[in-house]
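[1] the sequence and its predicted three-dimensional model are supplied below.
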Protein chains: 4
Amino acid sequence: MGMVGGGRGAFIGAVHRMAAALDGEIELVCGAFSSDPEKSRLSGKDLFLPEDRVYGSYEEMIKKEKQLPEGERMDFVSIVTPNHMHYGPAKLALQNGFHVVCDKPIAFNLKEAKDLARLVKKTGLLFALTHNYTGYPMVKQARMMVEKGKIGKVRKIVVEYPQGWLSTKLEDTGQKQAAWRTDPKRSGAAGAMGDIGTHAENLAEYITGLKIKNLCADINIMVEGRKLDDDGNVLLEFDNGARGILFASQISAGEENNLRIRIYGEKAGLEWAQQEPNTLIVKWLDKSMEIIRTGVGNLYPEAQAATRIPAGHPEGYLEAFATIYRNFAICLRAYLNNKKPKAIYTDFPTVEDGVRGMRFIDKVIESGKSKQKWIRF
Amino acid sequence: MGMVGGGRGAFIGAVHRMAAALDGEIELVCGAFSSDPEKSRLSGKDLFLPEDRVYGSYEEMIKKEKQLPEGERMDFVSIVTPNHMHYGPAKLALQNGFHVVCDKPIAFNLKEAKDLARLVKKTGLLFALTHNYTGYPMVKQARMMVEKGKIGKVRKIVVEYPQGWLSTKLEDTGQKQAAWRTDPKRSGAAGAMGDIGTHAENLAEYITGLKIKNLCADINIMVEGRKLDDDGNVLLEFDNGARGILFASQISAGEENNLRIRIYGEKAGLEWAQQEPNTLIVKWLDKSMEIIRTGVGNLYPEAQAATRIPAGHPEGYLEAFATIYRNFAICLRAYLNNKKPKAIYTDFPTVEDGVRGMRFIDKVIESGKSKQKWIRF
Amino acid sequence: MGMVGGGRGAFIGAVHRMAAALDGEIELVCGAFSSDPEKSRLSGKDLFLPEDRVYGSYEEMIKKEKQLPEGERMDFVSIVTPNHMHYGPAKLALQNGFHVVCDKPIAFNLKEAKDLARLVKKTGLLFALTHNYTGYPMVKQARMMVEKGKIGKVRKIVVEYPQGWLSTKLEDTGQKQAAWRTDPKRSGAAGAMGDIGTHAENLAEYITGLKIKNLCADINIMVEGRKLDDDGNVLLEFDNGARGILFASQISAGEENNLRIRIYGEKAGLEWAQQEPNTLIVKWLDKSMEIIRTGVGNLYPEAQAATRIPAGHPEGYLEAFATIYRNFAICLRAYLNNKKPKAIYTDFPTVEDGVRGMRFIDKVIESGKSKQKWIRF
Amino acid sequence: MGMVGGGRGAFIGAVHRMAAALDGEIELVCGAFSSDPEKSRLSGKDLFLPEDRVYGSYEEMIKKEKQLPEGERMDFVSIVTPNHMHYGPAKLALQNGFHVVCDKPIAFNLKEAKDLARLVKKTGLLFALTHNYTGYPMVKQARMMVEKGKIGKVRKIVVEYPQGWLSTKLEDTGQKQAAWRTDPKRSGAAGAMGDIGTHAENLAEYITGLKIKNLCADINIMVEGRKLDDDGNVLLEFDNGARGILFASQISAGEENNLRIRIYGEKAGLEWAQQEPNTLIVKWLDKSMEIIRTGVGNLYPEAQAATRIPAGHPEGYLEAFATIYRNFAICLRAYLNNKKPKAIYTDFPTVEDGVRGMRFIDKVIESGKSKQKWIRF
């Protein structure tokens, strides 16, 4: 793995490295950790990388790595830069035969996203998008329960992602994470809706297998002087007629990363919350509630495969993130060996999820400005 | 107290009687428990009432009670019939000088509600509407915290009332509660939105002191063949600019009476859930979460006055309901004695809340049918 | 009902009155509310009682009420005084043909308790002891599950009742509840173990149907200068070989009334906590956890009979307390009519539970002082 | 790092490897993964190790690694074998100048433990014992709060570790984990008390800084035919006079790894549960409960240093385990560079904790057989 971005002071880069390291399947072999070559060099040193594998730019990295003998050069690029810097390295990597893992949202705008999708299709290379919440065992269990009809036809979905960290104008204090996320030039057309709303959208579609058909959004800026949305509420209609609510907020004071989803079917309701991820609540219509726990009882193989340790030993965010990387690594090894990976490991978000995420951003922003109730997705 | 409705087989009548009895302030002295005189008679007998105080109709009750000497006759009427039967007895009671406690929503339509409001104003009689959830100590604590500025300016409100009991077509099985609630002739213009949506609306306005200014509703019938909404999602704008989401549902499979509200201000978020009512969660922006519990620490007098027993002994639905009755009784005694009641006991929902509730029903139904995004409340 | 104790400033008296009133089955008709006749008179006035039914002493009350015609005089006495004042009125009431409801622990010492048991047996009168926690629907559900073998043979019981209110020397501040509970002359041989330890003991035996056979207690006074235990930990052996832990504490800082029990059988574990009483957790050996909720699904009739309102509307402490009174009232009416009450209503703690409670107090205090490990119960 | 044990089919070996890998500070360079050389070889291959660094025995590993040039050879040994196989490799490693990380309990018996402690003292080498639960941020926060006097003098400790997985005679089914843990020849003098009771003991002493002074244990075998305890309840007295309860159980049907501790001081109570590890509950005597969450508000630097990601992204068991390894690695690097590590990183369980753990096992087993109440620790 070669990393683009994630140098000193970054947050998500370290997450990607821990996630990639956890299962012993992936080795970080090189990186262009910053657009500042000196900072890249120092970051590489922190990570015990040999100097000649630390590059001053992603262009240099891709070019030089390509010249290395097979088996020695990196197999794939992991892109952990701010949104406006995804497209460039992703495109170049694909054009040079490198597989890609990319942080979400996939790009700066829908056009870039579609372009990458075309390139992936054309090259046949692997592309994983780190919608990491889909890596949790209980999310996979929920998905399988819906797929197998356990809760009946889905009627209603409530998905929410409240955070409180942007309740004040944190971006004015020099906080790096806040700065780029609230900057239209680096973040894209949306703030909260892009950063975390896309996670909510992806999670709802992932678990239910449904697609958003129409939406009606109320998009707001609550902190004065901010340029991108920091709060939004969206009514949803899904392709099977189910209705839904999605909200994402960065001004919900006191909330951490309270991603939560409730799915009501004809026979039962499901509830899952990221902050207690090893629990899946099943609310049956006519019998007692059931609490499914990671590692307990007869789980679907898809859920079991995402579990590393015995029940009652909580697995968290990094483990879910690692599952995306591990599944990608397993598929990549199969690819390199011209084999078919086991089906339960093929499950990671792809470039297509990235395109849907960018369309979601476009559509909620469009709806937010419209006087018309429903907007076609 | 004289009761209208609440005969054998009814649900809410018994709740009102228990609530009225709890504090030893109110005595049930007569009733017209059913439009069927024989059923009324039998119900009265169940309740140990003397035969001559059990009436065959509310008209008879109001007429005969008025003829009794003061001090002997009932002081007020408690109306616990289905929605379409609120207006008649309420009006007649007021016209004959009896105070009124009435179940919610206040009437069958907005016109009736306004008419009652005029009558209350004209007569100066007391009128309590049993939006019982406002009787919980932690709801009152939340209200006071907002009023005193503890959470700063309110920015966002999420209020929800999911139930699952109408996930199937229960009304076809002869279930009495389901039958009238799904019948436009008895329930009014709305189903779920009237029955429980109004509770959510009232709770949000009660705690925050804000008023809904605009709304955008997605109102649906999820169970085929039903005539009134059983699920609805509403975007809200409040008069201070805060945004909100309200949803009410009777097809959220497996949900009991999961009324829940979250209020985010500039400094903190508040969270309260009816199913664990003795807990109020305060999520501070920059410090640890605080769990306020009924009876623990320095609560506002308004919250303390709604608490009967020491901390850790859960108080529930009937106690909250009883607090409405007790406050009404205290105000009534003050009224009868020409005194001013203590301010902390004057707090119960009134005819004006009833008018707002009916307007809410009107507006969400109107919005549900509209292609326009926002509807003025 | 005639009440002994519970005058102005008392706590548990008001609880008994609310509990007795809730279901409309019992009327307070007289009382000797205080050993101070003036205070008794004022208390009676607060309660809207006629002056001639308010007495200056329990002796007077029992004597005068007996002289009233049947149907007019009180049917039973409710004793809500401190522990050292239970025996006198209970004995006199039974000797004069009045049934008794008595607060726990039943008496000041084991001898008194046994004496009352003999008298109850001799007279055939009804005697209810208000171990109110056994009135909760989910406690009854748990009891039935054990009885029906759902969790298999019981192996382990953990029952605990931590409070924090006596963490400081509250009795020195004039707080009335603290004063008598920490006074050996009024409370008896034990402090925390008598006041709340007996609740824990009763609950464990009630749910499991097992009896304590041996115990080993560590009994302590944590607040300097106090004369009775404020904290104790007890190892238990039950008559079927199951082992257990019981602890009761009034110096567990910050705890409210956190009575909680866990019962592990060969097939499943049960968990119930008084502070969230409408939930019973079933932890199965080989399948997902089950959350049984008051009013949801197929509950045992015994649990349903203790439920007044639909699921999701929390029922609390007063309702559980009221169930003791209601069951007692139903049995009393059957007694007065020479009928057999329905089995599901015969379930309330009796004088025999009172004797066991007093023995428990004796034995834990004995064990606390002993160097020997196990003491025979 | 060179690993002893943890070959194919083992559980804890993989945990150690993931924990060691997570922070990118430690590299697995060699191993003797099984006493079966072929199995060791295959396990090494699974882990992408070069063949010449996979050994057939720990003796061979230590001998050959020692011959490698400094900088190339392993720095320390990680011992992840069953209990009876800890002493041998630990001793040999220390004697040959290798630092040691060892799974708990430290040895087969107290004598071995003391011997290792002597050897560590003599050689000055680093020795970490993986009482992993002490690696959780909220455990460290609790420890600091006690140390800084936030909860006042500690009065009572309740620590418990119930599991249910040995409710049936799983060891007869060939389950490897169950087999050695229930076998006196491999596990030592205790079953549940050694495997998980020592975790509970260590956690209580770690957080409070107190030492157990006396204990009284009820030790039982609940599953017929088993040779070692599968359930035990222990009364504790600490060196400051505080009292406690410790229980450990493997027959608590339906429990996962429900390690939980409550600590009551004069001013507040603390509560932490391993299954929701990012939450620390503080129950204050006179004010609202506080919920401290990993990453929220002003935490002690010791807690912050054990946190890798922003609040609301749950960190679990592997992260806590990894913190032990990371702190060990930081101290090891300081050792190798002849520097003093930062104080907040020096915090990991040592050989002395191991000696206390073995003494705990000895004493509870002795007490379990004794008729005397208290046994000196």
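    That came through fine.
[2] which pLDDT value goes with A:Glu70?
    We note a pLDDT of 88 for A:Glu70 in this prediction.
[3] neighbours around it, how many?
    Counted with other CB atoms under 10 Å in any protein chain shown, the neighbours of A:Glu70 add up to 7. (Glycine included, C-beta is placed from N, CA and C.)
[4] and the closest residue to A:Met289 other than its chain neighbours, how far from chain B?
    Counting by CB to CB, 6 or more residues apart in numbering or on different chains, A:Met289 lies nearest to C:Ile291, which is 4.0 Å off, once chain neighbours are set aside. With distances taken as CB to the nearest CB, to the nearest Å, C:Ile291 is found 11 Å from chain B.
[5] quick one, whichever strand or helix holds C:Ile291 and strand A:289-293 angle?
    Following DSSP states H and E, one finds C:Ile291 within strand C:289-293. Using axes from the mean of the first three to the mean of the last three CA atoms, to 10 degrees, the direction of strand C:289-293 lies 150 degrees away from that of strand A:289-293.
[6] buried ones in the helix or strand that strand C:289-293 is followed by?
    Following strand C:289-293 in sequence order, the next helix or strand is helix C:301-304 (DSSP H and E). Neighbour counts over helix C:301-304 (16 or more other CB atoms under 10 Å in any protein chain shown) mark C:302-303 as buried.
[7] and A:Leu49, what's its pLDDT?
    Value listed for A:Leu49 in the pLDDT field: 96.
[8] so it: helix, strand or coil?
    coil (DSSP: H, G, I helix; E, B strand; the rest coil).
[9] backbone phi and psi for A:Val249, please?
    Let me fix one detail, which is that residue A:249 is Ser and not Val. Dihedral angles of A:Ser249 (phi, psi; degrees, to the nearest 10) stand at phi -150, psi 140.
[10] pretty sure it is touching B:Lys156, no?
    Yes. Counting by CB atoms under 8 Å, A:Ser249 does reach B:Lys156; the two are 6.5 Å apart.
[11] who has more neighbours out of these two?
    More neighbours surround A:Ser249 than the other of A:Ser249 and B:Lys156, with 31 against 25 (other CB under 10 Å).
[12] how close does the more buried one sit to A:Leu236?
    The gap separating A:Ser249 from A:Leu236 is 16 Å, by CB to CB, to the nearest Å.
[13] A:Lys140 too?
    With CB to CB as the criterion, A:Lys140 and A:Leu236 are 22 Å apart.
[14] okay, now the sheet partners of the strand holding C:Ile291, with direction.
    Strand C:289-293 has the following strand partners under DSSP bridges: strand A:289-293 (antiparallel), strand C:279-284 (antiparallel).
[15] residues contacting A:Gly191?
    Residues near A:Gly191 by CB atoms under 8 Å, 6 or more residues apart in numbering or on different chains: A:181-182, A:226-230, A:250.
[16] go on, A:Glu271?
    A:260-263, A:280-281, A:283.
[17] mind running it again at 10 Å?
    Taking CB atoms under 10 Å, 6 or more residues apart in numbering or on different chains as the criterion, A:Glu271 is in contact with A:142, A:158, A:260-264, A:279-283, A:289, B:254-255.
[18] can you tell me which of these is closest to chain D?
    The closest of the contacts of A:Glu271 to chain D turns out to be A:Thr279 (CB to the nearest CB; 9.2 Å).
[19] what sits closest to A:Asn202 if chain neighbours are left out?
    Spatial nearest neighbour of A:Asn202, excluding adjacent residues (CB to CB, 6+ apart): A:His131 at 4.5 Å.
[20] give me the pLDDT value at the one you found.
    For A:His131, the pLDDT comes out at 97.
[21] again with A:Ile361
    98.
[22] tell me what the host helix or strand of A:Ala204 is packed against?
    In this structure, A:Ala204 sits in helix A:198-208 according to DSSP H and E. Counting contacts by 3 or more CB pairs under 10 Å, 6 or more residues apart in numbering or on different chains; DSSP states H and E, helix A:198-208 packs against helix A:137-147, strand A:154-162, strand A:212-220, strand A:231-238, strand A:243-249, strand A:260-265, strand A:268-273, helix A:351-369.
[23] now for A:Asn257, how many residues are close by?
    Neighbours of A:Asn257 (other CB under 10 Å): 22.
[24] what of A:Gln163?
    For A:Gln163, using other CB under 10 Å, the count is 26.
[25] next: A:Lys185.
    Neighbours around A:Lys185, by other CB under 10 Å: 11.
[26] SS state for it?
    helix.
[27] ok, now how distant is the nearest residue to A:Tyr300 once chain neighbours are set aside from chain C?
    Counting by CB to CB, 6+ apart, the nearest residue to A:Tyr300 once its immediate chain neighbours are dropped is A:Met144, at 3.9 Å. Here A:Met144 is placed at a distance of 14 Å from chain C (CB to the nearest CB).
[28] so what's A:Met144 scoring on pLDDT?
    On the pLDDT scale, A:Met144 is placed at 98.
[29] and it, what does it touch?
    With contact set as CB under 10 Å, 6+ apart, A:Met144 has these partners: A:150, A:207, A:299-303.
[30] repeat that for 7 Å
    Taking CB atoms under 7 Å, 6 or more residues apart in numbering or on different chains as the criterion, A:Met144 is in contact with A:300, A:302-303.
[31] with pLDDT and distance to C:Gly88 added, can I get the residues you listed in a markdown table?
    Converted to a markdown table, those look like this (pLDDT from 0 to 100; distance: CB to CB, whole Å):
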| residue | pLDDT | distance to C:Gly88 |
| --- | --- | --- |
| A:Tyr300 | 97 | 66 |
| A:Glu302 | 96 | 70 |
| A:Ala303 | 97 | 64 |
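[32] what does the stretch 51-200 of chain A put close to chain B?
    Listed as neighbours of chain B in the stretch 51-200 of chain A under the rule CB under 7 Å from any CB of the partner chain: A:155-156, A:164, A:167.
[33] go with 6 Å
    For the stretch 51-200 of chain A, the residues in contact with chain B (CB under 6 Å from any CB of the partner chain) are A:155, A:167.
[34] chain C contacts on the stretch 251-377 of chain A?
    For the stretch 251-377 of chain A, the contact set with chain C under CB under 6 Å from any CB comprises A:287-292, A:297.
[35] of the residues you listed, which pair is most distant in space?
    A:Lys287 and A:Gly297 (16.0 Å; CB to CB).
[36] show me which residues of the helix or strand containing A:Leu116 are buried.
    Here A:Leu116, judged by DSSP H and E, is contained in helix A:110-123. Buried residues in helix A:110-123, counted by 16+ other CB under 10 Å: A:110, A:112-117, A:119-120, A:123.
[37] turn those into TSV, including distance to A:Lys39.
    Shown next, in TSV, are these (distance: CB to CB, whole Å):
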residue	distance to A:Lys39
A:Leu110	31
A:Glu112	25
A:Ala113	28
A:Lys114	32
A:Asp115	29
A:Leu116	27
A:Ala117	32
A:Leu119	29
A:Val120	30
A:Thr123	31
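[38] about what we covered before: tally of neighbours for the residue nearest to A:Met289?
    17.
[39] tell me if I'm right that it and A:Ile292 touch.
    No. Applying CB atoms under 6 Å, one finds C:Ile291 not in contact with A:Ile292, separated by 11.4 Å.
[40] what is the mean pLDDT for stretch A:170-186?
    Rounded mean pLDDT across stretch A:170-186 is 94.
[41] from the chain's centroid, how far away is that stretch?
    Remark: stretch A:170-186 is offset 20 Å from the chain centroid, using CA atoms, centre = their mean, to the nearest Å.
[42] now swap in stretch A:191-201 and tell me
    10 Å.
[43] measure it end to end?
    15 Å (CA to CA, to the nearest Å).
[44] now the residue minimising distance to the centre of chain A: how far from chain C?
    Of all residues in chain A, the one closest to the mean position by CA atoms, centre = their mean is A:His131, 1.7 Å from it. Noted for A:His131: a distance of 26 Å to chain C, by CB to the nearest CB.
[45] I'd guessed A:Ala200 sits against A:Tyr161; true?
    Yes. Between A:Ala200 and A:Tyr161 there is a contact under CB under 6 Å: 4.6 Å.
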